[in-house]
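>>> build the 3D model from these lines:
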Amino acid sequence: MFLAGPGGQRVALCYSMNVHPGESLDDVLGALERTVVPLKARLGVKGPFAVGLRLAAQAAKEVEGRGEEVKAVLDRSGLVPVTVNAFPYGDFHGERVKEEVYRPDWTEARRAVYSLRAAVVLAAFAPRGSLGSVSTVPLSWKAWRPSLNAVTGRVLEMISALQGVERKSGVRVRLALEPEPLCVLETARETVAYWKDHLLPSCRAKFGRGAEDLAHAYLGVCLDTCHHAVRWEGSREAIDLYREAGIPIAKVQLSSALEAETADELRPFAEPRYLHQVVSRTGEARPDLGGDPPPGPLRCHFHVPVHREEVAGVRTTRADMTAALRHALATGATDCLEIETYTWDVLPLREGALLDSLEAEFRYVLVEAGAAGFVPSA
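Take a look at the predicted model:
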């Protein structure tokens, strides 16, 4: 759906379809019909409904020959794609994902090809003249020690490619780097430093005059509130850091992490599929819930439904997410909010069906957005 602000602002509110399993275009179309359309009806939305697509590499390629079919599905139900989650390249609901979710990273040409395909898809179905985003990995997993020159060079090549997408479609798409614990871009401060000290100088060397304008037009960040909360830096503060540095926030992903006094409280959440980085208040970090945990209090990268104050007896960082939501709307920091709770299938003590949880998440966000003066647009 779309929210209207007191000053005439328009903000898209959607959920990330990475919660749905499946790598093919048929899987994506099925999720639209089975979940997105019924959710729109439950929320009573009569007009356009914003969609946060998740396209695996396979689905992004398959769209090339089936564009008219996809457009028919979207148009029939009044669905408007506003962003694409192009973070997971392959099977995001396989038996073991863990750190493989970052492969291919930005050292590989496959990552750029995939990201560009996702941008082309979004531009094909978004309204002409609109601004969308494709979120991507935070360059690489830090332990792999990639060359910053290599990854930055490939990211900068996307600027020219995205310029071409806009010339052809009339839609501007930003590539949004998504900082995450224990990655090359881990915190807001690291990301700002990278932008100022490495990306912009490299951009000037490549494009010369007007380079900074190009960077701001086609590059930005995806601010995931779970990720920033896990690093104990505060998502509201992260918004301010990005805005002060002039880094566009292409979208804010609304998600909550877990917070516990001891590692034992987190044991019920240990599962073999996803990476669940654990960070203590002092900054000591572990890549997952297994092994020797740092001393508490702890926060854990486990996306839980945003309307829940606790899950399975463990409190969440909902307060951090809510503060960021209100601040983003009050400051005009972004024009896209995306609820992201992809861990539904591995969540302990799930209540109701996925559709029930999505509706509850939307209704919670709508109440908080209303407190900031934003209401669903007609």
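>>> quick one: contacts for the residue nearest the centre of the chain?
Nearest residue to the geometric centre of the chain (Cα atoms, centre = their mean): residue 253, 4.8 Å. Residues in contact with residue 253, defined by Cβ atoms under 8 Å, 6 or more residues apart in numbering, are 16, 135, 178, 222, 223, 224, 225, 226, 338, 339, 340. No exception for glycine: its C-beta is placed from N, CA and C like everyone else's.
>>> and for residue 274?
97, 98, 101, 302, 342, 343, 346.
>>> residue 370 belongs to a strand?
No. The secondary structure assignment for residue 370 gives helix rather than a strand, going by DSSP: H, G, I helix; E, B strand; the rest coil.
>>> since we're on residue 26, how many residues are nearby?
12 (other Cβ atoms under 10 Å).
>>> tell me the predicted confidence for it.
In this prediction, residue 26 carries a pLDDT score of 98.
>>> low-confidence stretches in this protein?
378 (pLDDT under 70).
>>> thinking again about what came up before, can you flag which of the contacts of residue 274 belong to strands?
residue 302 (DSSP state E).
>>> ok so, going back, for the contacts of residue 253, work out which two are farthest apart.
For the contacts of residue 253, the maximum inter-member distance is 14.9 Å, found between 178 and 339 (Cβ to Cβ).
>>> which non-adjacent residue is nearest residue 186?
Taking Cβ to Cβ, 6 or more residues apart in numbering, and ignoring the residues beside it in sequence, residue 186 has residue 179 as its nearest neighbour in space, at 5.9 Å.
>>> wait, doesn't the one you found sit right on residue 189?
No. With contact taken as Cβ atoms under 8 Å, residue 179 and residue 189 are classed as non-touching, separated by 9.8 Å.
>>> higher neighbour count, these two?
When residue 179 and residue 189 are compared on other Cβ under 10 Å, the one with more neighbours turns out to be residue 179, at 27 against 15.
>>> ok so that one is a strand residue?
No. Under three-state DSSP, residue 179 sits outside any strand and is assigned coil.
>>> okay, stretch 343-354 in CSV with CA atoms only?
The C-alpha atoms that make up stretch 343-354 are tabulated as CSV, following Å, rounded to 0.1, in the frame of the first residue of the first chain:
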residue,chain,number,x,y,z
THR,A,343,12.4,-16.6,9.1
TRP,A,344,8.7,-17.5,9.4
ASP,A,345,9.3,-21.2,8.5
VAL,A,346,11.9,-21.7,11.2
LEU,A,347,10.3,-19.5,13.9
PRO,A,348,9.6,-21.3,17.2
LEU,A,349,5.9,-21.2,18.4
ARG,A,350,4.4,-19.7,15.2
GLU,A,351,0.9,-18.3,15.9
GLY,A,352,-1.7,-18.8,13.1
ALA,A,353,-0.8,-18.8,9.4
LEU,A,354,1.7,-16.6,7.5
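>>> in it, what counts as buried?
Along stretch 343-354, these residues count as buried under the neighbour rule (16 or more other Cβ atoms under 10 Å): 343, 344, 346, 347, 354.
>>> what of stretch 129-143?
Neighbour count says stretch 129-143 has 130-142 buried, by 16+ other Cβ under 10 Å.
>>> go on, stretch 27-41?
For stretch 27-41, the neighbour count (16+ other Cβ under 10 Å) marks 27, 28, 29, 31, 32, 35, 36, 37, 39, 40 as buried.
>>> before we move on, back to that, so which of the buried residues of stretch 129-143 belong to strands?
131, 132, 133, 134, 135, 136.
>>> and the last one, what does it touch?
Applying Cβ under 8 Å, 6+ apart, we find residue 136 in contact with 86, 87, 106, 111, 115, 175, 176, 177, 178, 222.
>>> what's the neighbour count on the third one?
Using other Cβ under 10 Å, the number of residues around residue 106 comes to 25.
>>> next: the last one.
Neighbours of residue 222 under the rule other Cβ under 10 Å: 29.
>>> what of the fourth one?
Residue 111: 25 surrounding residues under other Cβ under 10 Å.
>>> the one 10 residues further on now?
A count of neighbours around residue 121, defined by other Cβ under 10 Å, yields 26.
>>> so what's the closest residue in space to it that isn't next to it in sequence up against?
With Cβ to Cβ, 6+ apart as the measure, residue 63 is the residue that lies nearest to residue 121, at 4.9 Å, once sequence neighbours are left out. The contact partners of residue 63, taken as Cβ under 8 Å, 6+ apart, are 25, 55, 70, 117, 121, 124.
>>> just the residues you listed now: which is nearest residue 365?
Here the nearest of the contacts of residue 63 to residue 365, counting by Cβ to Cβ, is residue 55; it sits at 23.6 Å.
>>> from residue 20, how far off is that closest one?
With distances defined as Cβ to Cβ, to the nearest Å, the gap from residue 55 to residue 20 amounts to 11 Å.
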